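Trainee: Give me a model of this one.
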Amino acid sequence: MGSEPHVGELRLFAGDFVPQGWLACTGDAISKADHPEMFAAVGDRYGREGDRVKLPDLRSRALAGSGEVGGAHYRAGERGRALAVAESNTHPSTLGLTCLISTGHAPDVMTGEVRPFAFGFAPKDWIACHGQHLRIGGNARLFSIIDTRFGGDGREAFALPDLRGFTPVGHGDPPELDRTELGEARLHLAAGGDARRPRLHVTYCISTAGEYPQRKP
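Mentor: Coordinates of the predicted model:
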């Protein structure tokens, strides 16, 4: 608590808006004059439009690590095949969330933020994203951000995102890919493939504390 995210740091958010200090990962182009620190940090690895550079586009896409593995080298900004696709049992494998990128002027922790943890429990002021229902009366701040888009009646209770066995992807309507709604559970990230790709399971948790995210004016 008390520090700020690095410029270019990516975060997941369960709200339907982009808070102050963040930009949406929707592939928008930014200018050096408007965002000099972001322009310098990210560069044009995600694309360029004239003298403007593009932000990452995570609409209907998931994250994968860059680097060399199995003789193949994956660079930051490279796009590839889907990580998760429909299985024969037709169980959903992805969940739409809001993907944010930090401008370097944002709170370290926000209410409604979703993060992966390498241990098997939820730390203090966080709750595991297991789709459980919470009472609105005792969780008004969190409810005001995520509402009932993940479930609940909206009168007494609301549901948290369920990321057990799911891959979070950015919501939105990208070119050449199917639209993903916020809170939507889908069967795949992109067409093609006959089985899930290799994966590593972690514990996704949602913050109940931290700074309340302020909407941009």
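
Trainee: tell me the pLDDT at residue 210?
Mentor: Residue 210 is assigned a pLDDT of 90 by the prediction.

Trainee: and the longest strand for this structure?
Mentor: strand 94-102 (DSSP state E).

Trainee: Note down every partner strand of the next helix or strand after that strand and its orientation.
Mentor: Counting by DSSP states H and E, the next helix or strand C-terminal to strand 94-102 is strand 113-117. Strand pairing for strand 113-117, using DSSP bridges, gives strand 10-13 (antiparallel), strand 203-207 (antiparallel).

Trainee: quick one: strands adjacent to the helix or strand just after the shortest one?
Mentor: Next in sequence after strand 10-13, counting helices and strands by DSSP H and E, comes strand 22-24. Looking at strand 22-24 with DSSP bridges, its paired strands and their directions are strand 94-102 (antiparallel).

Trainee: How about residue 96, nearest residue that isn't a chain neighbour?
Mentor: residue 171 (3.9 Å; Cβ to Cβ, 6 or more residues apart in numbering). For glycine as for every other residue, the C-beta is placed from the backbone atoms N, C-alpha and C.

Trainee: dump the residue contacts of that neighbour.
Mentor: With contacts defined as Cβ atoms under 8 Å, 6 or more residues apart in numbering, residue 171 is in contact with 59-60, 96-98, 180-184.

Trainee: now do 6 Å
Mentor: By Cβ atoms under 6 Å, 6 or more residues apart in numbering, residue 171 lies in contact with 96, 180-182.

Trainee: Number of residues surrounding the spatially closest residue to residue 209 that is not a sequence neighbour?
Mentor: Leaving aside its chain neighbours, residue 209 sits nearest to residue 125 (3.7 Å; criterion: Cβ to Cβ, 6+ apart). Using other Cβ atoms under 10 Å, residue 125 has 13 other residues around it.

Trainee: Surely residue 125 is in contact with residue 210?
Mentor: No. Assessed by Cβ atoms under 6 Å, residue 125 is found out of contact with residue 210, at 7.2 Å.

Trainee: re the thing from before, of the strands paired with strand 113-117, which shows the lowest average pLDDT?
Mentor: Going by mean pLDDT, the lowest-scoring of these is strand 203-207, which has a mean of 90.

Trainee: Show me what it is in contact with.
Mentor: 109, 111, 113-114, 116-117, 120, 122, 126-129, 160, 163.
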